[in-house]
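> sequence-free structure coming up:
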């Protein structure tokens, strides 16, 4: 009797920002290239569990060791199981992870994602933990195989690292100095993704709008946005996160004049106080920041602007905090990722005296309440607008839709990136993940919109897309989207994951403040 050996399974758990999510897709691609397969949908445990860590927030280590503690007992009952830890916290803490959690098999850093399969095999062969951390980037991540979280959307990294010296941020020491890819390489990856059915791409960089600094072209990012507008079949282009100090008018014009560049902008503020910005080494002041928003809205009146804000930076006075509230009120952000200051060892601000916890908490509560009011007001202004949504692979019934079991909704993203839960009329054409649906907004809440126009006899139109076709193909099992097995039609930029495969956590709901 012939026994067929089953391929080992994997799960990649992502903690952190969009850069980490994109790195996790490369980790998954490397594992699949080495013969692993994704664990079934919903499984948190597999033959190999990789945790891709973040080090920006103080609770990063708590989250990691909490995950590792849960896995320890599971591993004891599962012979041959391996645990790997990568990402920013691994780069920072190195051998300390194995000391605190000796059941971990592999630790690797942000600069050597490509060694993951080799380290797993070496740990298995040697029956000993393998720790390998490089001080500088060995292989540009975008040259590695990838297995994406989504079919309709894809990340494209245009640079890695950061040249800024923000006093609260540990990212530069973990990701290194900025390194830029050449425009031709980026556009080739974009075109490859489009050939696979991708209709939306997000350009990624630690400071995405400083792109071009390495090869001496200050206008390179605006040129890249315009070049993306020439890619046939690419419906939507986004980018994150820019730095206000480097945000120039040519980028604003490129956004406004390139039809597929979406009217959404994530612009980290961090503080509305000029004295705090100075202490943070943020090379702009509140007047410049507000001026950028004014110029964006002058040419894109419907642009949705989001931000990051840190409350309680060392030395922040009551007056400083009131300045932040003033700037937030003036900015009219669609939403904001707000954080209480978190001291990080290795950053210049780590040694500074902290604000009392009760003061920080009270300020945070006031900021949160202010932004929630503004978000509600801004979303209520959307009622009556007709928007085209990119349909997501989720439903809105349990995530902000009406609390009515009979009311089934799907979810989508508007051009300005607002989340919209919409109702599908019984007689309407089926909307697949990746299709584009035109609806009218009927209700605004602080964190989402509702569009029930279809069931009221109003606007509801479905535009079928190549992304929707690709979804159907995967669902029907007509095409194996495993890394390296897609054939020439999938290009070279990686392959979509089987929908729901445990490759990563997708876009985080809370994102660490960017440098």
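Structure received. Quick caveat: nothing in here was measured; it's all calculated off a predicted structure.

> Show me where the chain dips below the pLDDT cut-off.
Applying pLDDT under 70 to the chain flags residues 1-5, 58, 137-145, 149, 394-407, 478-515.

> So which residues of it form helices?
Here the chain has its helices, by DSSP state H, at 18-33, 60-76, 88-93, 96-100, 116-126, 171-175, 183-195, 220-228, 249-257, 274-280, 286-299, 318-331, 357-380, 466-475.

> Just the buried positions in the fourth one, please.
By neighbour count on 16 or more other CB atoms under 10 Å, the buried set for helix 96-100 is 97-98. Bear in mind the C-beta positions are built from the backbone N, C-alpha and C, glycine included.

> Show residues contacting the lengthiest strand in the chain.
Using DSSP state E, we find that the single longest strand of the chain is strand 386-395. For strand 386-395, contacts defined as CB atoms under 8 Å, 6 or more residues apart in numbering pick out 150, 152-153, 199-200, 235-236, 408-415, 418, 420, 422, 431-441, 451, 459, 463, 468, 471, 499-500.

> Then stretch 345-358?
Residues outside stretch 345-358 that contact it (CB under 8 Å, 6+ apart): 92, 165, 167-170, 173, 279-281, 312-316, 341, 343-344.

> circling back to that earlier point, just the buried members of the contacts of strand 386-395?
150, 152-153, 199-200, 235-236, 409-415, 418, 420, 422, 431-441, 451, 468, 471.

> Please name the residues that touch the nearest residue to residue 246 once chain neighbours are set aside.
Nearest non-adjacent residue to residue 246, counting by CB to CB, 6 or more residues apart in numbering: residue 210, 4.6 Å away. The neighbourhood of residue 210, defined by CB under 8 Å, 6+ apart, consists of 159, 163, 178, 221, 243, 246.

> can you count the residues close to the third one?
One way to gauge burial is a neighbour count; for residue 178, by other CB atoms under 10 Å, it gives 20.

> quick one: it from residue 214, how far?
Distance, residue 178 to residue 214, using CB to CB, to the nearest Å: 6 Å.

> where do the contact lists of these two overlap?
By CB under 8 Å, 6+ apart, residue 178 and residue 214 have these common neighbours: residue 159.

> Not counting sequence-adjacent ones, nearest residue to residue 95?
Sequence neighbours aside, residue 131 is the residue nearest to residue 95 in space, at 5.4 Å (criterion: CB to CB, 6+ apart).

> Could you tell me which residues make contact with the closest residue to residue 200 other than its chain neighbours?
Computed as CB to CB, 6+ apart, the closest residue to residue 200 that is not its neighbour in sequence is residue 236, at 3.9 Å. By CB under 8 Å, 6+ apart, the contact list for residue 236 reads 199-201, 260, 262, 390, 415.

> now, which of those residues lie within strands?
200-201, 390.

> Distance to residue 24 for these - can I get that in TSV?
Below are the ones in strands among the contacts of residue 236 laid out as TSV (distance: CB to CB, whole Å):
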residue	distance to residue 24
200	19
201	17
390	22
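
> what angle separates the longest strand of the chain from helix 466-475?
Angle, strand 386-395 to helix 466-475, by axes from the mean of the first three to the mean of the last three CA atoms, to 10 degrees: 20 degrees.

> roughly how far out does strand 386-395 sit from the chain middle?
18 Å (CA atoms, centre = their mean, to the nearest Å).

> And that strand, what's buried?
For strand 386-395, the neighbour count (16+ other CB under 10 Å) marks 387-394 as buried.

> List the neighbouring strands of that strand plus their orientation.
strand 409-413 (antiparallel), strand 436-440 (antiparallel) (DSSP bridges).

> Same list (the ones you listed) but as CSV, adding distance to residue 185.
Listed next are the strands paired with strand 386-395 as CSV, based on distance: least, CB to CB, whole Å:
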stretch, distance to residue 185
strand 409-413, 27
strand 436-440, 29
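
> which ones are touching residue 327?
Residue 327 sits next to 269, 272, 286, 289-290 when contact means CB under 8 Å, 6+ apart.

> Go through those and name the one nearest residue 8.
The closest of the contacts of residue 327 to residue 8 turns out to be residue 269 (CB to CB; 45.4 Å).

> returning to that earlier point: just put the contacts of residue 327 in CSV and tack on neighbour count.
Listed next are these as CSV, based on neighbours: other CB atoms under 10 Å:
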residue, neighbour count
269, 26
272, 25
286, 21
289, 26
290, 17
